[in-house]
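Participant: Pasted the sequence and its predicted model underneath.
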Amino acid sequence: MSDFTDLFEASGMPQLLAVMGETIIYTPAGEAAVSVTAVVERLEGQSQDYVDGDAATYQAMVHVSVASVASPAVGDTVTFDGLDWAVVGMLPGDAGLHTLRVERSAPKERAGQGHRLRR
């Protein structure tokens, strides 16, 4: 590793998590959930049309320390904002952090002329 990477892992990453981090729940597939500190980047929702109606897909990037989550995997679950998000991709841990791409889908709620309420 480079000197910068070593220095960031030793001092920068803990500070980043302390200042910008929030508590999330990480649940590896088939294992017990753990509470960890992570930096969450919430991204804009994307609309998708399905046969049975519209849905919105929401994505986020979650940065967790390698010490907190040693072996993240696609299919694991991350919970924040009271919602479950599926791990759908990841970047390898660098400078002590894993970067996880997570997403969730929800039906689009619509109101107004031409739309009926969902029950």
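Facilitator: Received the coordinates, thanks.
Participant: CA only for contacts and neighbour counts going forward, please
Facilitator: Will do.
Participant: what's the average pLDDT for the longest helix along the chain?
Facilitator: If you go by DSSP state H, the chain has its longest helix at helix 13-20. Mean pLDDT, helix 13-20: 77.
Participant: Flag the shaky bits of the protein, pLDDT-wise.
Facilitator: 1-13, 45-54, 93, 108-119 (pLDDT under 70).
Participant: In contact with Val40, which residues?
Facilitator: Residues near Val40 by C-alpha atoms under 8 Å, 6 or more residues apart in numbering: Gly21, Glu22, Ala60, Met61, Val62, His63.
Participant: and the second one, how far is that from Phe80?
Facilitator: Looking back up the chat, that one is Glu22. Separation of Glu22 from Phe80 (C-alpha to C-alpha, to the nearest Å): 9 Å.
Participant: ditto for the fifth one
Facilitator: Computed with C-alpha to C-alpha, the distance linking Val62 and Phe80 is 10 Å.
Participant: and the two? which has more neighbours close in?
Facilitator: Neighbours were counted for Val62 and for Phe80 using other C-alpha atoms under 10 Å; Val62 has more, 22 against 14.
Participant: Now do the more buried one against Gly82, distance only.
Facilitator: As for Val62, its distance to Gly82 is 15 Å (criterion: C-alpha to C-alpha).
Participant: same deal with His98?
Facilitator: Taking C-alpha to C-alpha, one finds His98 at 22 Å from Gly82.
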